[in-house]
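Peer 1: what would the 3D arrangement of this be:
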Amino acid sequence: MGFPGTWMTESESLVYRVVPKCACSSIGQIMYYSDHGEFFDGDIHDATGGLHKWALDHSQPKIEANVRAHKSYSFTCVRNPYTRILSSFFDKICGIQRNGKRYRGNLVPMLIQKYGIEVGDPDNGFEFDQIESFRRFLLFARDTIRWRRPMDPDIHWSAMAGHVSTFIVNGGQYDNIFWTESFNDGMDSVLKAVETPVPVDIEAIPRFNESEGHGPKRAHPVEDYFDDLSMHLVYEIYKRDFLLFKYDFENPGNKMPIGEIDLDEVHAKLGN
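Peer 2: Modelled structure (predicted):
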C-alpha cells in the first residue's frame, strides 16, 4: 500500500501526512519554502516538482525508504470534525472549483436529485437554506462512509483517523500531531525540531487557503448547523477523531481541543 497522501521536502528535512481540509495548502507551501526560499507559484496541490509526493512515481522510493527507516521528522495536522465537515460542504459541494466547474462532475446534480440539497450559484449570490442543505449533505456523507453508497467516501469528508492510520499501518511513526486551531504554535514546534535549508519565520508566513472565495460564506455560527440528529450523525462518522484528537463532541460551538493528543495512544489505536 505504501504511503498515500505523504509529502516530503526534497532535502528530506520533513515528512508530512496530508489530511484534507486541515491546513494542507499552508503546510505544503511552508515545506516548499523551507527548501527553496520561495513559495510555489500556484496551488501547492498542483506542484509536480520541488516537493516529493507519494502521487509522483519518482518520489515513492525516496519516501518509502525514508519513512520505513524513520529518517526524518514526521508529522500531521488535524481539525475539529464539526468545522471540517462544514468546510467540506461549503468548499466541495457549494463552491466552484479551480477548474471553473463543480466538484467531481455529476456529484452535485446527484445530491440535488437524491438528497434534496440546494447549493445556490454565483449568479444569485449563493442564496439558499444553508442549514437545511448542510444537514441533508451530512446524511449523504454518512451513507458514503457507513455503506459506501451512493459512492465511496471522499477524502475531504472521510475520517481523519483513516488518513492518519495508513501512515502508521504501513510502517511510519509520527513525531508530532498538532491542531489546525493553533496552527502557528503547532507548525512552529515542527520547525523548531528540525534544521531546514531555509529558515522559516512562522509569524511572517501568509495563509494559503486555496478553497476560500469560490463559494458561499457561512451565514451562521457553527453550532446552528448541528441539531441533535446532526450531532448524532457526526459522532457516528467521526467518533475516533473526537476521542483521539481530543475535540469536544458535546459542544459544536467549541472548536478548540479539550485535552492533549497522546501520540502513543494514536499509534496503538491506529496501528492495527
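Peer 1: elements contacting the strand with the most length in the chain?
Peer 2: Ranked by residue count and defined by DSSP state E, the top strand of the chain is strand 73-78. Using 3 or more CB pairs under 8 Å, 6 or more residues apart in numbering; DSSP states H and E, the elements in contact with strand 73-78 are strand 14-17, helix 160-169, strand 176-179, helix 183-192. Any C-beta I mention is one placed from the backbone N, CA and C, and that applies to glycine too.
Peer 1: what's next to the next helix or strand along the chain from the first one, contact-wise?
Peer 2: Using DSSP states H and E, the helix or strand that directly follows strand 14-17 along the chain is helix 24-36. By CB atoms under 8 Å, 6 or more residues apart in numbering, the residues outside helix 24-36 that reach it are 7, 9-11, 13-14, 16, 18, 38-40, 43-45, 47, 50-51, 77, 183, 187, 191, 196-198, 200, 202, 205, 207-211.
Peer 1: 7 Å - rerun?
Peer 2: With contacts defined as CB atoms under 7 Å, 6 or more residues apart in numbering, helix 24-36 is touched by 7, 9-11, 13-14, 16, 18, 39-40, 43-44, 47, 50-51, 77, 187, 196-198, 200, 205, 207-210.
Peer 1: if we can go back for a sec, turn the helices and strands packed on strand 73-78 into JSON lines, including distance to Q29, mean pLDDT and mean neighbour count.
Peer 2: As requested, the helices and strands packed on strand 73-78 are arranged in JSON lines below (distance: least, CB to CB, whole Å; pLDDT from 0 to 100; neighbours: other CB atoms under 10 Å):
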{"stretch": "strand 14-17", "distance to Q29": "12", "mean pLDDT": "98", "mean neighbour count": "25"}
{"stretch": "helix 160-169", "distance to Q29": "20", "mean pLDDT": "98", "mean neighbour count": "20"}
{"stretch": "strand 176-179", "distance to Q29": "17", "mean pLDDT": "98", "mean neighbour count": "20"}
{"stretch": "helix 183-192", "distance to Q29": "11", "mean pLDDT": "98", "mean neighbour count": "17"}
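Peer 1: partners of the longest strand of the chain in the sheet?
Peer 2: The strands beside strand 73-78 in its sheet (DSSP bridges) come out as strand 14-17 (parallel), strand 176-179 (parallel).
Peer 1: for that strand, C-alpha coordinates in PDB please.
Peer 2: C-alpha atoms of strand 73-78 as PDB (Å, rounded to 0.1, in the frame of the first residue of the first chain):
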ATOM      1  CA  TYR A  73      10.800  14.200  11.500                       C
ATOM      2  CA  SER A  74       7.200  13.100  10.600                       C
ATOM      3  CA  PHE A  75       4.100  15.000  11.400                       C
ATOM      4  CA  THR A  76       0.500  15.700  10.500                       C
ATOM      5  CA  CYS A  77      -2.200  18.200  11.400                       C
ATOM      6  CA  VAL A  78      -5.900  17.600  12.400                       C
END
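Peer 1: can you check what angle separates whatever helix or strand comes next after that strand from helix 160-169?
Peer 2: Of the helices and strands lying after strand 73-78 in sequence (DSSP H and E), the nearest is helix 81-88. Orientation note: helix 81-88 sits at an angle of 100 degrees relative to helix 160-169 (axes from the mean of the first three to the mean of the last three CA atoms, to 10 degrees).
Peer 1: and helix 81-88, what does it pack against?
Peer 2: On a contact count with 3 or more CB pairs under 7 Å, 6 or more residues apart in numbering; DSSP states H and E, helix 81-88 meets helix 130-147, helix 228-245.
Peer 1: the first one packs against which elements?
Peer 2: Spelled out, it's helix 130-147. Helix 130-147 packs on helix 81-88, helix 107-115, helix 228-245, going by 3+ CB pairs under 7 Å, 6+ apart.
Peer 1: repeat that with 6 Å
Peer 2: helix 107-115, helix 228-245 (3 or more CB pairs under 6 Å, 6 or more residues apart in numbering; DSSP states H and E).
Peer 1: ok, of those helices, where does mean pLDDT dip lowest?
Peer 2: Ranked by mean pLDDT, those bottom out at helix 107-115, which scores a mean of 94.
Peer 1: hmm, who's touching that one?
Peer 2: 102, 117, 119, 136, 140 (CB atoms under 6 Å, 6 or more residues apart in numbering).
Peer 1: ok, now with 8 Å
Peer 2: Here helix 107-115 has contacts from 93, 102, 117-119, 136-137, 139-140, 150-151, using CB under 8 Å, 6+ apart.
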